[in-house]
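I'll drop the sequence and a predicted model, then ask my questions.
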Amino acid sequence: MNREPGLSVRLKLTLSYAGFVMLAGGLLLVTVWVFLLRYVPEVIDNPQMPAPAPNRSRLPVPVPVPVMFVPNRSDLLRAFAPRAVAVLAFLLVFGLLGGWILAGRMLAPLTRITSATCVAAGGSLSHRIRLEGRRDEFRELSDAFDSMLEQLESHVAEQQRFAANASHELRTPLAISRTLLDVARKDPTQGRAELIERLHTVNQRAIDLTEALLLLSRGGRGNFTRDSVDLSLVAEEAAETLLSLAERRRITLDVSGGAARTSGSAELLLRMVTNLVQNAIVHNLPAGGSVTVHTEAHGDTSVLRIENTGRRLPPELVPTFTEPFQRGTERVRTDEHAGVGLGLAIVHSIVRAHAGTLDLVPSPNGGLLVTVRLPGTS
């Protein structure tokens with residue numbers, strides 16, 4: 001909607017300052033009138049006194065005494081009014097000029113914030129205001145704006161990195177499919193069964209990756225229906241689903257703990273626990289390893305802990321596990337559960353959407369301890 005241009009804030013403040021000064025001057029003049037001038041009497045000139053009668057008693061004739069001039073109300077008004085008008089005119093000019101200067105000084109921080117907003121709107125999110133001086137409303141606004149720009153810059157960089165990685169990951173199965181088809185076209189004698197099986201595997205991986213990307217996007221939005229969910233029941237369901245995988249890898253899977261209720265999406269929370277348990281099974285010892293899943297409630301917090309055995313992990317590597325397309329082991333894709341590098345990224349997104357926290361700590365003897373804390377419900 002197009003709106004007509006109005007007065008600037010600086011001009012409005014200037015007029016406000018000048019109007020206040022004029023009002024104060026006018027009140028001062030009214031005070032002078034109410035408490036001073038109105039008590040001055042309005043004297044009416046007396047007619048000329050008659051000549052004295054002849055002195056028949058031969059007494060001394062009184063000599064007239066000269067009378068001093070005493071101004072009345074009209075005289076004071078005639079003398080006071082022009083000077084009052086001159087003072088009001090001076091106050092008007094002084095109020096306008098001083099108000100313009102004061103308004104400019106007061107609005108200088110807002111001008112810097114506006115300039116930074118224009119720079120950010122142009123696409124440069126690295127600009128910061130960094131307003132100096134004591135903390136006031138403008139300083140708080142400036143700091144909040146700088147914090148917002150920092151978060152936006154980090155979010156945009158993360159999205160760009162994610163888009164680049166996603167494009168690379170999606171391009172890989174498509175390139176493999178094209179290569180297989182080119183080879184089959186050049187060598188018609190190649191077995192169709194083997195070609196179909198390899199194409200099926202590659203396409204299935206592309207489908208899994210696409211579904212993982214959609215789930216990651218859905219989990220980050222947080223616009224889902226919330227129900228009361230017991231993490232202990234979710235953990236049991238996830239463990240039952242992955243029990244066959246653990247048995248094939250000769251991994252002991254143990255679920256313990258009590259009820260831990262939270263509010264959220266049962267589907268997303270099941271995917272969160274499933275990803276964590278599957279990750280703990282896959283990234284484990286070749287044989288004889290273990291995975292323990294424990295749930296409990298601490299006051300108003302529901303806790304889920306998943307710990308596994310495995311090789312020792314460098315502490316500096318663990319924080320990168322929640323980034324998209326980061327894997328804790330080599331990028332081997334021959335395993336059916338090697339994943340697409342989004343398992344913990346999806347978990348992190350779901351936990352944030354449920355206002356929870358995700359902690360990853362490497363175990364001293366090898367393996368990883370994952371702790372999820374979510375707001376509890378009664």
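Right, received. Where do you want to start?

give me phi/psi at Arg134?
When read as degrees, to the nearest 10, the backbone of Arg134 gives phi -70, psi 160.

mind checking pLDDT for it?
In this model, Arg134 is scored at 76, pLDDT.

again with Asp182
At Asp182, the pLDDT value in this model is 82.

Over to the one 4 residues further on?
The per-residue pLDDT reported for Lys186 equals 79.

What degree of burial does it show, as a neighbour count?
8 (other Cβ atoms under 10 Å). C-betas here are computed from N, CA, C, even on glycine.

Same check on Glu316?
If you count neighbours by other Cβ under 10 Å, Glu316 ends up with 8.

same deal with Thr201?
Thr201 has 14 neighbours, counted by other Cβ under 10 Å.

Surely it is within a helix?
Yes: residue state for Thr201 (DSSP: H, G, I helix; E, B strand; the rest coil) corresponds to a helix.

how far away is it from Leu233?
Thr201 sits 34 Å away from Leu233, going by Cβ to Cβ, to the nearest Å.

How about the secondary structure of Glu296?
Under the three-state scheme (three-state DSSP), Glu296 adopts strand.

Distance of it relative to Ser74?
For Glu296 relative to Ser74 (Cβ to Cβ), the value is 95 Å.

Equivalent analysis for Ala108, please.
To Ser74, Ala108 is 51 Å away according to Cβ to Cβ.

again with Ala144
Look at Ala144 and Ser74: by Cβ to Cβ, they are 63 Å apart.

Then Glu132?
The spacing between Glu132 and Ser74, counted by Cβ to Cβ, is 60 Å.

In terms of neighbours, single out the busier of the two.
Ranked by neighbour count (other Cβ under 10 Å), Glu132 and Ser74 place Ser74 first, with 11 against 8.

Leu368: neighbour count?
23.

number of nearby residues for Glu140?
Using other Cβ under 10 Å, Glu140 has 11 other residues around it.

Ramachandran angles for it?
Backbone torsions of Glu140, given as degrees, to the nearest 10, read phi -60, psi -40.

so what's it scoring on pLDDT?
As summarised for this prediction, Glu140 has a pLDDT of 85.

do you know how far it is from His127?
Distance of Glu140 to His127, given as Cβ to Cβ: 19 Å.

which one is Ser265 nearest to, not counting chain neighbours?
Leaving aside its chain neighbours, Ser265 sits nearest to Phe224 (4.3 Å; criterion: Cβ to Cβ, 6 or more residues apart in numbering).

Secondary structure element holding the one you found?
Assigned by DSSP states H and E, Phe224 belongs to no helix or strand.

His127 against Thr117, yeah?
No: at 9.6 Å, His127 and Thr117 do not qualify as touching, with contact defined as Cβ atoms under 8 Å.

show me where the stretch 151-300 of the chain has helices.
Taking DSSP state H, counting those that start in this stretch, the helices of the stretch 151-300 of the chain run over residues 192-221, 231-241, 243-248, 266-282.

Out of these, which one sits most buried?
Sort the helices of the stretch 151-300 of the chain by mean neighbour count, taking mean count of other Cβ atoms under 10 Å, and helix 266-282 sits at the top with a mean of 22.

average model confidence for that helix?
In this model, helix 266-282 has an average pLDDT of 90.

Give me the angle between it and helix 192-221.
For helix 266-282 against helix 192-221, the angle by axes from the mean of the first three to the mean of the last three Cα atoms, to 10 degrees is 120 degrees.

Look up the closest residue to Ala206, ignoring the ones flanking it.
Nearest residue to Ala206 in three dimensions, chain neighbours excluded: Pro173, at 4.1 Å (Cβ to Cβ, 6+ apart).

Excluding chain neighbours, what is closest to Leu15?
The shortest distance from Leu15 to any non-neighbouring residue, by Cβ to Cβ, 6+ apart, is to Gly99 (7.3 Å).

Is the one you found within a helix or a strand, and which one?
helix 73-121.

now that helix: mean pLDDT?
Per-residue scores along helix 73-121 average to 80.

How about stretch 150-166?
76.

so what's Ile306 up against?
By Cβ atoms under 8 Å, 6 or more residues apart in numbering, the contact list for Ile306 reads Leu276, Val277, Ala280, Val291, Thr292, Val293, His294, Leu369, Val370.

nope, Glu267 is what I meant
Residues counted as contacts of Glu267 (Cβ under 8 Å, 6+ apart): none.

again with Arg112
With contact set as Cβ under 8 Å, 6+ apart, Arg112 has these partners: Ile129, Leu131, Ser142.

is it true that the second one touches Phe138?
By that I understand Leu131. Yes: using Cβ under 8 Å, Leu131 makes contact with Phe138 at a distance of 6.6 Å.

okay, and the common contacts of the two?
Pro109, Ile113.
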